[in-house]
Each structure stands twice: as structure tokens, then as C-alpha cells.
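In: curious how this folds, go ahead:
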Amino acid sequence: MQSIRKRQNLPKRKGKKPRIPLPSPLEAFFATYAPQFQYDTTLSSVLEFYRLCNKSGWGRDDPRREIAHQKFKDALVQQFNVAYGTDVNDLASWQNLCHVVRIDPIPDGLDACRDAVYHTFINLVDLVDTKTTHEEVRLFQSERALSEYTRSTGKYFPSGNAHAGGLLRFLLRHILHPRRGYDALSPRGEF
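Out: The predicted structure follows:
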């Protein structure tokens, strides 16, 4: 009797085991608190972190919360790196960002991609979360509008993290002290 592999003309696997997807950095972070806490990937990672804190009974000044928060911030930055890359000179990474933030047409050149993304105001937590929530990333007219949204939702992206690559550093905005007149140069009519 022929094996199924031969009947279907499939190539031999040569001892390779099936690939099991590794957990994402955020999944790995939240898994450390299982089974007491189950991470819902369809929700905002920041809101899930706040839910973890509430479920664990950690107040704002609790040292356990601060330790968990630092680990969460590391995972959030690493999740960005996995999803979008770290190399500020990688055209494919910039074109991926252009696609996610609905820049159309997507520029062919590196400088044009950078310029288009630079003049787009997005919350970086939402940018990371869109890969699992499948919600469109909200676009803002100005750095001030982005700042107001970030403050009202608590979706702060860590700045100065040791894991941040050049691409991420390029995207960071002045959330606590937004600059006056720092608006999108050519509004795309989606704000």
C-alpha cells in the first residue's frame, strides 16, 4: 500500500518537524500570568494590561505592578519590532507601514515613504494592536489631537526603551507636550 505522501506526490520532509508558531512577545508576557489571567488578543494590549492589574489586585504604587509594567513595555516594543521591523533604511518596512496607515498610493522610494509616514499621526499602541484586533489604525489631524486621544485612552507607547529599533524611534511623537502647529501637511480627508 502506497503512503499518502507518495500518492499525493508530496516532497519528503527529511526529518523536519512541523513548524509550531512561537508566541508573540505580548502573548509570552501575558502567558506568565496564566492560568489566572487569559490574554484576549482581540482587545487592546494596554487595556488587557490594565485588566491584568485589576485582576491581580495591583494598585498604582504596587512594586509588582511596576515590575509587570516594565516587562509589558518591553514586550510591546518587541511586538512592534516583530510586526514592522527595526531598520530605518528598510524600504519594505516603510511600505508595510504605509499600507497599514492607508497611504495610497504607496510610495516607491524610501524618502517618500518616510515623509508620508512622518506626516501621519497614529497611536503606536493601536499600530501594534491592529495585527491582532484587525481594527483600522485611527489617523489624527495633528500631534495635539493624537496627544488628547493617547491621554484619554491611556495608550502610551514606551519611549526610550532599550529594545526600540531605529524605525520605532522615528515614529515616536511628543505626547505629553505636543508641539504647536505640528499638523499633517496634506490631510488625506480621513480625519
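In: for the chain, longest helix please?
Out: helix 63-84 (DSSP state H).
In: my guess is Pro107 meets Leu97, correct?
Out: No - Pro107 lies out of contact with Leu97 (CB atoms under 8 Å); the separation is 10.9 Å. Quick note: C-beta positions are derived from backbone N, CA and C, even for glycine.
In: can you check which residues contact both of these two?
Out: Shared contacts of Pro107 and Leu97, defined by CB atoms under 8 Å, 6 or more residues apart in numbering, comprise Cys113.
In: so those two - more neighbours on which side?
Out: A direct count of neighbours by other CB atoms under 10 Å for Pro107 and Leu97 places Leu97 higher, at 25 against 17.
In: I'd assumed the more buried one was in a helix, is it?
Out: Yes - with DSSP: H, G, I helix; E, B strand; the rest coil as the criterion, Leu97 is located in a helix.
In: pLDDT below threshold where in this protein?
Out: 1-21, 161-163, 173-191 (pLDDT under 70).
In: residue nearest the middle of it, spatially speaking?
Out: Val128 (1.5 Å; CA atoms, centre = their mean).
In: ok but it is inside a strand, no?
Out: No - Val128 sits outside any strand when classified using three-state DSSP, being helix.
In: residues in contact with the longest helix of the chain: which ones?
Out: 24-26, 28-29, 32-33, 45, 49, 52-53, 56, 58-59, 93, 96-97, 124-125, 127-128, 131, 157-158, 161-165, 167-168.
In: out of those residues, list just those in helices.
Out: 25-26, 28-29, 45, 49, 52-53, 56, 93, 96-97, 124-125, 127-128, 131, 167-168.
In: narrow those residues to those that are buried.
Out: 25-26, 29, 45, 49, 52-53, 93, 96-97, 124-125, 127-128, 131, 167-168 (16 or more other CB atoms under 10 Å).
In: show me what contacts the residue nearest to Thr42 when sequence neighbours are not counted?
Out: Counting by CB to CB, 6 or more residues apart in numbering, Thr133 is the residue found nearest to Thr42 once chain neighbours are left out, at 5.7 Å. Counting by CB under 8 Å, 6+ apart, Thr133 touches 41-44.
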